[in-house]
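Chemist: I'll drop the sequence and a predicted model, then ask my questions.
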Amino acid sequence: MSRPVVVSPEVGLASLPEAAPGLLVASAEPAALADAISGVLGDPRRAAELGARAARVAAERFDWSGIAAATREVYA
């Protein structure tokens, strides 16, 4: 299951890269946040593209072999 993401840097996602699977909008700008959410909700094709990219990025970044390798490095 894939879902598009609209995030704010204030919730710890400021490092979201430009090619990230979602939209980064400052929460201090409610109109911009509302526009981003409305834009995703109003454009099913864009939402599907963002969601598919989010799923792909999550699978690449958080696969079990990578998690195991990172855990081994912590305890090595």
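Modeler: Sure thing, it's come through.
Chemist: only C-alpha atoms for contact and neighbour calcs from this point on.
Modeler: Noted.
Chemist: how far off centre is whichever strand or helix holds Arg46?
Modeler: Using DSSP states H and E, Arg46 sits in helix 44-61. Relative to its parent chain, helix 44-61 has a centroid offset of 8 Å by Cα atoms, centre = their mean, to the nearest Å.
Chemist: helices of the protein, start to end?
Modeler: With helices called from DSSP state H, the chain shows them at 30-41, 44-61, 64-75.
Chemist: now the last one: average pLDDT?
Modeler: What helix 64-75 shows for mean pLDDT is 92.
Chemist: report the angle between it and helix 44-61.
Modeler: Inter-element angle recorded for helix 64-75 and helix 44-61: 50 degrees (by axes from the mean of the first three to the mean of the last three Cα atoms, to 10 degrees).
Chemist: renumber starting at 846 from here on
Modeler: Happy to do that; since the first residue is 846 now, the last one works out to helix 909-920.
Chemist: mind exporting the C-alpha coordinates of helix 909-920 to CSV?
Modeler: The C-alpha coordinates for helix 909-920 follow below in CSV (Å, rounded to 0.1, in the frame of the first residue of the first chain):
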residue,chain,number,x,y,z
TRP,A,909,15.8,-5.8,6.4
SER,A,910,19.3,-6.3,5.1
GLY,A,911,20.1,-2.6,5.5
ILE,A,912,18.5,-2.5,9.0
ALA,A,913,20.5,-5.6,10.0
ALA,A,914,23.8,-4.1,8.6
ALA,A,915,23.1,-0.8,10.5
THR,A,916,22.4,-2.7,13.7
ARG,A,917,25.6,-4.7,13.3
GLU,A,918,27.6,-1.5,12.9
VAL,A,919,26.1,-0.1,16.1
TYR,A,920,27.2,-3.2,18.1
